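Student: next come a sequence and a model predicted from it.
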Protein chains: 2
Amino acid sequence: MRMSAQGEPEAAEPHWLTADQLAAWRGFMNLLQRLPTALEWQLQRDAQLSFIEYYVLALLSDLPERRMRMSELAARANSELSRLSHMVGRLEKRGLLRREPDPCDGRYTHAILTDAGYAYLAEAAPGHVGRVRELFIDVLDPEELQTLRRCAEKVGARIDGSPEKGGTGRAENPVGQRGR
Amino acid sequence: MRMSAQGEPEAAEPHWLTADQLAAWRGFMNLLQRLPTALEWQLQRDAQLSFIEYYVLALLSDLPERRMRMSELAARANSELSRLSHMVGRLEKRGLLRREPDPCDGRYTHAILTDAGYAYLAEAAPGHVGRVRELFIDVLDPEELQTLRRCAEKVGARIDGSPEKGGTGRAENPVGQRGR
DNA sequence: CGGTTACACATGAACGTTCAAGTGATGCGT
DNA sequence: ACGCATCACTTGAACGTTCATGTGTAACCG
């Protein structure tokens, strides 16, 4: 990718990357593209769920009442509200989720994991976790995992601090809404 | 996400993650979701290109003749051939790419970066590289970058070695083709 | 009390991706 | 020389996501 200094002059000031930086970026980006695909494939085959569908069900399953506001759920899942709304509609049709207005404040809608959804998730979870172990956790040693965690926090904080869109409402962007 | 040992028994053997492993995974996964979105937003705003469109143009620009077989390009870009074909069709309409049969072997099609496409990429590159610097490179120190590079190589090798779909033809999967 | 404002969410159209099927070129065997 | 098999790629339909718009609820103000 055209990101390092080369012979041809460019219009803007050249904040090009060094060879080491470029190699790190390319390697990391390759991973960004391939790991989700690899995980997604196993989930589709075993449970007919996309990665984010699994994630949403899992977020709800962790809560005592297994319910959350749509806007909060969208923020937690790094998803736009419209996308989540469509997705929840599809999961409703499968009987895995349902929606109801917040009893305390009718402005809000809750997404609720059904009993069937909970059982479905419990069945899908071991395969997914096994796959995450196989492709990611067991490949790296504890120090590498800690470094990844630290790096993810630093980059995430930078994204949050960026005035341009990319944050998901944790810092200063409105909850769930992102421009495109 | 439901990936660590909890009170309720599960159907399959519990290869659940430890608390540290889960934290590392969640942090990393959060990054997997947010970094592409943040980069994509800047490219869309400045150049009306998606991340993979930029990547494809950049791959071609690095070659002396600025051309590559569609199947090879799909493999390099971690994309399915059908997706690449549609994408190249759209970029053709914008005058950034063109296609022609391989003169030596008519079974193959070459994607070729046009002069206009090259100029367009040269204009988009500084903004994109600046954004990668801002959100990723400059946030991490050289040791962290090297650790990320090593981790990406390890996980990538594991994905390649997995008999299940997720590899992209570098090891044993056919070039460009992936199941779903 | 009623009108206005702000916000959460749903919905439909447009767009990009995936899947399945079709087309064209080349190599091989008879 | 011809028929068949294989492969690369294209294409169209179906599906999921994004964008723009509309609807419903609650809070606020006069």
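Tutor: Nice, I can see it.
Student: who in chain A is up against DNA strand C?
Tutor: Contact residues, chain A versus DNA strand C (C-beta under 7 Å from any atom of the strand): A:44, A:69-71, A:74, A:81-82, A:84-86, A:88-89, A:99, A:107-109, A:174-176. For glycine as for every other residue, the C-beta is placed from the backbone atoms N, C-alpha and C.
Student: show me just the buried residues among these.
Tutor: With neighbours counted using 16 or more other C-beta atoms under 10 Å in any protein chain shown, those contain these buried positions: A:44, A:69-71, A:74, A:81, A:84, A:88, A:109, A:176.
Student: what is the nearest of those to chain B?
Tutor: A:Gln44 (6.5 Å; C-beta to the nearest C-beta).
Student: state the helix or strand in which the closest one lies.
Tutor: Following DSSP states H and E, one finds A:Gln44 within helix A:19-47.
Student: need the next SSE after that helix, C-terminal direction.
Tutor: Assignment by DSSP H and E places the next element after helix A:19-47 at helix A:51-61.
Student: which residues are contacting that following helix?
Tutor: Identification of contacts with helix A:51-61 by C-beta atoms under 8 Å, 6 or more residues apart in numbering or on different chains yields A:36, A:39-40, A:43, A:47, A:49, A:66-68, A:73, A:76-77, A:79, A:84, A:87-88, A:91, A:96-97, A:111-113, A:117-118, A:120-121, A:124-125, A:128, B:1-3.
Student: out of these, which are inside strands?
Tutor: Among those, the members falling in strands (DSSP state E) are A:67-68, A:97, A:111-113.
Student: between which two of those is the distance greatest?
Tutor: Of all pairs drawn from the ones in strands among the contacts of helix A:51-61, the widest gap by C-beta to C-beta lies between A:Met68 and A:Leu97 and measures 10.6 Å.
Student: overlap in contacts of those two?
Tutor: By C-beta under 8 Å, 6+ apart, A:Met68 and A:Leu97 have these common neighbours: A:60, A:111.
Student: more neighbours, these two?
Tutor: Neighbour tally, A:Met68 and A:Leu97, criterion other C-beta atoms under 10 Å in any protein chain shown: the higher count belongs to A:Leu97, 24 against 21.
Student: give me the distance between the nearest residue to the more buried one once chain neighbours are set aside and DNA strand D.
Tutor: For A:Leu97, ignoring the flanking residues on the chain, the nearest one in space by C-beta to C-beta, 6 or more residues apart in numbering or on different chains is A:Leu91 at 4.2 Å. Between A:Leu91 and DNA strand D the computed distance is 10 Å (C-beta to the nearest atom of the strand, to the nearest Å).
Student: so of the residues of chain A next to DNA strand C, which ones are in helices?
Tutor: With helices defined by DSSP state H, the entries of these inside them are A:44, A:70-71, A:74, A:81-82, A:84-86, A:88-89.
Student: dump these into a markdown table; add pLDDT and distance to B:Asp141 as well.
Tutor: Output for these, formatted as a markdown table (pLDDT from 0 to 100; distance: C-beta to C-beta, whole Å):
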| residue | pLDDT | distance to B:Asp141 |
| --- | --- | --- |
| A:Gln44 | 91 | 38 |
| A:Met70 | 96 | 39 |
| A:Ser71 | 95 | 37 |
| A:Ala74 | 95 | 34 |
| A:Leu81 | 95 | 37 |
| A:Ser82 | 95 | 39 |
| A:Leu84 | 96 | 36 |
| A:Ser85 | 96 | 41 |
| A:His86 | 96 | 41 |
| A:Val88 | 96 | 41 |
| A:Gly89 | 96 | 45 |
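Student: of these, closest to A:Ala23?
Tutor: A:Gln44 (32.1 Å).
Student: please list all residues in contact with the closest residue to A:Asp46 other than its chain neighbours.
Tutor: Across the structure, with C-beta to C-beta, 6+ apart as the measure, the residue nearest A:Asp46 apart from its sequence neighbours is A:Gly127 (4.8 Å). Taking C-beta under 8 Å, 6+ apart as the criterion, A:Gly127 is in contact with A:42-43, A:46-47, B:12.
Student: for the helix or strand of chain A with the lowest mean pLDDT, buried residues please.
Tutor: Among the secondary structure pieces of chain A, namely its helices and strands, helix A:19-47 has the lowest mean (mean pLDDT, DSSP states H and E), a mean of 89. Judged by neighbour count using 16+ other C-beta under 10 Å, the buried positions of helix A:19-47 are A:21-25, A:27-44, A:47.
Student: doesn't B:Trp25 make contact with A:Ile137?
Tutor: Yes. With contacts counted by C-beta atoms under 8 Å, A:Ile137 reaches B:Trp25, the gap being 6.6 Å.
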